[in-house]
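Enquirer: got a sequence here, can you build the structure:
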Amino acid sequence: MENNKEMDVNIMKKFGFPILLIVLLISSFIPISASAHTNNSEGFSNIEVKEKSLDYELKLDLEELGHALNKETDQKELIDHKVVQRYINSHIKLFADSELIEGRVVKTDIEMIKERPFAIINLAYNIKHKPEKLTVEYNMFMDDSDPSHANFATIKMDGKQQEKILTFESREIEIGEISFLQNAKQFLVLGLKHIFTGYDHILFVISLLFGAKTIRHILSLVTAFTIAHSITLALATFDIVHLPSRFVESAIALSIIYVALINIFNQESKHQPWLAFGFGLIHGFGFAGILSEMRLDTNHMAASLVSFNIGIEIGQLLIVSLAFPIILWIKKVTLKPIKWVIPGTSAAILAFGLVWFIQRAF
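Expert: Purely as a prediction, here's the structure:
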């Protein structure tokens, strides 16, 4: 035994310095950041789709999560609901029948898996109805802290189960297939909802109506506006032409300001179809903004676009059919107080346009 110890000592004396030198040289070439986080970190996704809810149990390497959030990893306080929820929703996108849904963290815990601490995060997603198709885009850690990260995902829906390992090269998993009728209905309703909640578009259409003289004239304005925004909506949706959202939204505000000014200072002016067409091109890019937040099914891309556009047109026709008779009546009434309704409303529309332009441009 003593002979073996003496032999080990002699070896260390003879080769200790060269070995130490080699270790130091190797370590000098290893990036400091590599030791700052876990390499080849793992995660686990268990997703279950129910009638009106979606439950997502997400398990992530606690140390890697800590570095991604720039927090310490040795305390349970790391798993702050709001911080983690914001990070997850920005790195994991769930699309239920093409519509983006966001999760809410309902419970967090820490569990030991393979002798490593893992954050257990339970998220709840509210859905109006059970989707026919669910798509998950997974981007946790891969672009910011660990490109070698892998997540073992399982989705359960309608008695079916889909499994996949999500990696840097393959970040998507989907289950089910949306039907043509469901897709068309969904985008038709979306178009209706968008026009009735798009107050800037509504005010622009009403401003056009103020400068319309006859039903035939308003039909020409609406037709020109419809053709124009349909063109740019298609170009933007198919990613043929892309404009910065700030520019588009600011230009929409300017279109409202321009038409409102004409209505105030030249009340007898007759808006021309070319005016509606020109500004319609800009509004089309605005309509496309909501579609950019969705995951359009490639099999139903054209149907989605047509259905969405039809929904917008139905909404526009409803607005025109309600507003234009009132505007015509106001123009025919001889009472002076009534005569101030249109210029007064135009001034209010102008104020909205100015506020929107300042908010969007600066």
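
Enquirer: from residue 229, how far out is the closest residue to residue 144 other than its chain neighbours?
Expert: Once flanking residues are discounted, residue 144 sits nearest to residue 68: 6.1 Å by Cβ to Cβ, 6 or more residues apart in numbering. Placement of C-beta: from N, CA and C, glycine included. Per Cβ to Cβ, to the nearest Å, residue 68 is found 41 Å from residue 229.

Enquirer: between these two, tell me which one has more neighbours.
Expert: Set residue 68 next to residue 229 and count neighbours by other Cβ atoms under 10 Å: residue 229 wins out with 27 against 21.

Enquirer: can you check which helix is longest in this structure?
Expert: helix 301-332 (DSSP state H).

Enquirer: list the buried ones in stretch 83-95?
Expert: Using 16 or more other Cβ atoms under 10 Å as the test for burial, stretch 83-95 gives 84-85, 87-89, 91-95.

Enquirer: sorry, back to before: from residue 146, how far off is the residue nearest to residue 144?
Expert: 8 Å.

Enquirer: now swap in residue 241 and tell me
Expert: Going from residue 241 to residue 146 by Cβ to Cβ gives 37 Å.

Enquirer: these two: which has the busier surroundings?
Expert: Applying other Cβ under 10 Å to residue 241 and residue 146 shows that residue 146 carries more neighbours, namely 21 against 13.

Enquirer: isn't that one up against residue 41?
Expert: Yes: applying Cβ atoms under 8 Å, one finds residue 146 in contact with residue 41, separated by 5.0 Å.

Enquirer: any residues in contact with both of these two?
Expert: Residues touching both residue 146 and residue 41 by Cβ atoms under 8 Å, 6 or more residues apart in numbering: residue 64.

Enquirer: how does this protein divide into domains?
Expert: For the chain, automatic domain parsing gives the domain ranges 36-176, 180-361.

Enquirer: just put these in a markdown table and tack on mean pLDDT.
Expert: Shown next, in a markdown table, are those (pLDDT from 0 to 100):
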| stretch | mean pLDDT |
| --- | --- |
| domain 36-176 | 88 |
| domain 180-361 | 91 |
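
Enquirer: now do the contacts for residue 230.
Expert: 284, 309.

Enquirer: from here on, count from 731
Expert: Right, with 731 as the first residue, what we last looked at is residue 960.

Enquirer: now the strands for this structure?
Expert: 772-779, 783-791, 822-826, 829-831, 834-843, 846-856, 863-868, 880-887, 890-896, 902-906 (DSSP state E).

Enquirer: for the first one, name the packing helices and strands.
Expert: Packing partners of strand 772-779 (3 or more Cβ pairs under 8 Å, 6 or more residues apart in numbering; DSSP states H and E): strand 783-791, strand 863-868, strand 880-887.

Enquirer: ok, which of the ones you listed comes nearest residue 1016?
Expert: Residue 1016 lies closest, by Cβ to Cβ, to one member of the helices and strands packed on strand 772-779: strand 863-868, at 24.8 Å.

Enquirer: ok, and what's touching that closest one?
Expert: For strand 863-868, the external contacting residues (Cβ under 8 Å, 6+ apart) are 775, 777, 779, 784, 821-828, 881, 883, 885, 887, 896, 901-908, 1025, 1027.

Enquirer: so among the residues you listed, which ones count as buried?
Expert: Buried by 16+ other Cβ under 10 Å: 775, 777, 779, 784, 821-828, 881, 883, 885, 887, 896, 901, 903-906, 908, 1025, 1027, out of these.

Enquirer: so how far is residue 862 from residue 830?
Expert: On the measure of Cβ to Cβ, residue 830 and residue 862 end up 16 Å apart.

Enquirer: more neighbours: which of these two?
Expert: Between residue 830 and residue 862, counted using other Cβ under 10 Å, the more crowded position is residue 862 (17 against 14).

Enquirer: how close does the closest residue to the more buried one other than its chain neighbours sit to residue 860?
Expert: Nearest residue to residue 862, sequence neighbours excluded (Cβ to Cβ, 6+ apart): residue 908, at 4.6 Å. Using Cβ to Cβ, one gets 12 Å for the distance from residue 908 to residue 860.

Enquirer: and for residue 881?
Expert: Counting by Cβ to Cβ, the gap from residue 881 to residue 860 is 24 Å.

Enquirer: what residues are up against the nearest residue to residue 1068 once chain neighbours are set aside?
Expert: The spatial neighbour of residue 1068 that comes closest, neighbours along the chain excluded (Cβ to Cβ, 6+ apart), is residue 1060 at 5.8 Å. Counting by Cβ under 8 Å, 6+ apart, residue 1060 touches 1068-1069, 1071-1072.

Enquirer: most neighbours among those, please name it.
Expert: Of the contacts of residue 1060, with other Cβ under 10 Å as the count, residue 1072 tops at 18 neighbours.

Enquirer: surely that residue touches residue 1061?
Expert: Yes: applying Cβ under 8 Å, one finds residue 1072 in contact with residue 1061, separated by 7.4 Å.

Enquirer: distance check, the residue at minimal distance from the centre of the chain against residue 830.
Expert: Nearest to the mean C-alpha position of the chain, counting by Cα atoms, centre = their mean, stands residue 1023 at 3.5 Å. According to Cβ to Cβ, residue 1023 and residue 830 sit 6 Å apart.

Enquirer: again with residue 1007
Expert: Separation of residue 1007 from residue 830 (Cβ to Cβ): 32 Å.
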